[in-house]
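Trainee: Predicted structure and sequence below. I'll ask about it afterward.
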Amino acid sequence: MSVIVGAGRFLAQRVTRSITYYYTSRTPGGDTPSPPTISPTSSHLDAPFPSPSYSLSTTPLLPDLPSHHVSSILTHSALDVSSLSPSSPSSSPRPLLLLFPWLGARPGAMAKYRNLYLERGLDILSVESTVWHFLWPRWGLEYGAEVLELLDDPRFKGRPLLVHAFSIGGYTFSQLLSQMVREPHKYPGLAQRVVGHVYDSLVIGSLEHMATGLGKTLFPRMEPLVRYTALLYFWLFKSQTVHYYDNSVQVFYNSPVTAPALFFFCENDALCDPVAMEAVLDFWRKRGVAVETRKWKESVHAAHLRCHPEDYLSTLENFFHSLNIAPLRAKMKGDETSSEDHHYDGGYETSSEDHHQLLRWRV
């Protein structure tokens with residue numbers, strides 16, 4: 001089932017429990033079509049899609065779909081509205097953004113980023129991560145294969161791809177890369193379809209950084225205990241965890257995607273080792289990848305847009321302008337942020353007063 005979001009301008013369709021498709025709801029003539037419905041063969045898989053202002057944890061969700069069911073969701077019978085077709089004979093395929101939120105990201109917080117892209121004519125496939133995709137990497141690899149199979153669906157096949165990954169979302173994207181490297185015959189030309197990728201607060205460094213990230217993201221008040229438990233877990237299941245992490249790091253270093261990249265990070269991020277980050281950037285540049293960065297001395301993990309709005313948006317705009325994609329401009333205002341997000345962003349707590357102060361920028 002699809003629902004209208006963004007003041008009736010866009011539609012959101014749940015594909016699986018953790019993957020959602022956002023796309024324009026306007027016809028060429030300006031009319032808003034009725035939300036398309038899922039075909040009877042798959043209607044039992046749907047549940048009401050939550051409002052962006054409420055946490056997903058408090059609403060009914062769809063069960064995870066096996067990979068072989070993914071392509072049945074976004075068929076022409078499910079989205080049989082001519083204006084929603086990603087391309088036409090007289091136009092180029094509409095770019096598709098692969099959005100990888102941080103772990104535990106609330107819908108209201110992610111809406112700020114989604115609106116930036118939706119208002120510029122990009123469709124979005126939001127690929128959420130769970131802690132188990134990270135703690136048991138084999139499941140993460142299976143999830144990556146599921147996403148790759150979805151990209152082969154007729155609605156997405158052949159469309160230019162953009163990537164915007166936050167925090168552990170970068171790890172999830174690396175699982176897609178790992179599958180592409182392991183079975184290149186299954187995904188020919190997919191890496192070349194990526195025309196640009198953005199990484200915001202990439203979790204990178206030692207196992208200690210990963211364990212710290214879990215603690216600060218899942219249970220900030222119990223971070224030392226979670227960190228110790230995570231390190232013990234990594235040691236006990238080294239062959240099922242550390243080996244896969246090391247392989248993911250190597251795949252990311254030698255990524256088959258060589259399109260221009262943009263990295264946002266800061267020096268005081270406990271989840272990101274700036275030395276390890278600079279090593280990745282240097283290695284990519286030596287490979288011939290066009291890399292741009294925006295680094296702050298002080299900021300907040302997965303909250304650079306909130307802390308440095310004008311700087312963040314201008315850097316993002318310039319990057320996409322260099323890709324010959326319509327520039328992004330700030331469209332959000334402070335009052336568009338849900339009150340539930342005033343105390344949370346990327347696993348860190350902030351005061352309402354500081355949050356409102358940071359959101360007062362010129363548009």
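Mentor: Sure thing, it's come through.
Trainee: What's the separation between H164 and T24?
Mentor: Using Cβ to Cβ, to the nearest Å, one obtains 18 Å as the distance from H164 to T24. Using the backbone N, CA and C atoms, a C-beta is placed for each residue, glycine as well.
Trainee: Compare neighbour counts for those two and give me the winner.
Mentor: H164 (24 against 18; other Cβ atoms under 10 Å).
Trainee: who's that one bridged to?
Mentor: H164 has these beta-bridge partners by DSSP bridges: L99, V198.
Trainee: bridging residues for F10?
Mentor: V5, T24.
Trainee: For it, give me the pLDDT.
Mentor: On the pLDDT scale, F10 is placed at 88.
Trainee: Need the phi and psi values for A261.
Mentor: Main-chain dihedrals, A261, degrees, to the nearest 10: phi -130, psi 150.
Trainee: What is the burial count for it?
Mentor: A261 has 23 nearby residues by other Cβ under 10 Å.
Trainee: just checking, it touches G196?
Mentor: Yes: counting by Cβ atoms under 8 Å, G196 is a contact partner of A261 at 7.3 Å.
Trainee: Run through the residues that contact the closest residue to W296 other than its chain neighbours.
Mentor: Nearest in space to W296, with sequence neighbours left out and distances taken as Cβ to Cβ, 6 or more residues apart in numbering, is C266 at 4.3 Å. Listed by Cβ atoms under 8 Å, 6 or more residues apart in numbering, the contact set of C266 reads S201, C272, K295, W296, K297, E298, S299, V300, H301, H304.
Trainee: which residues does the residue nearest to the fifth one when sequence neighbours are not counted contact?
Mentor: What it means is K297. Using Cβ to Cβ, 6+ apart and skipping residues adjacent in sequence, the residue nearest K297 is E267, 5.2 Å away. By Cβ under 8 Å, 6+ apart, the contact list for E267 reads P274, K295, W296, K297, E298.
Trainee: quick one: low-confidence parts of the stretch 1-150 of the chain?
Mentor: Residues of the stretch 1-150 of the chain meeting the criterion pLDDT under 70: 1-2, 4, 6-8, 25-91.
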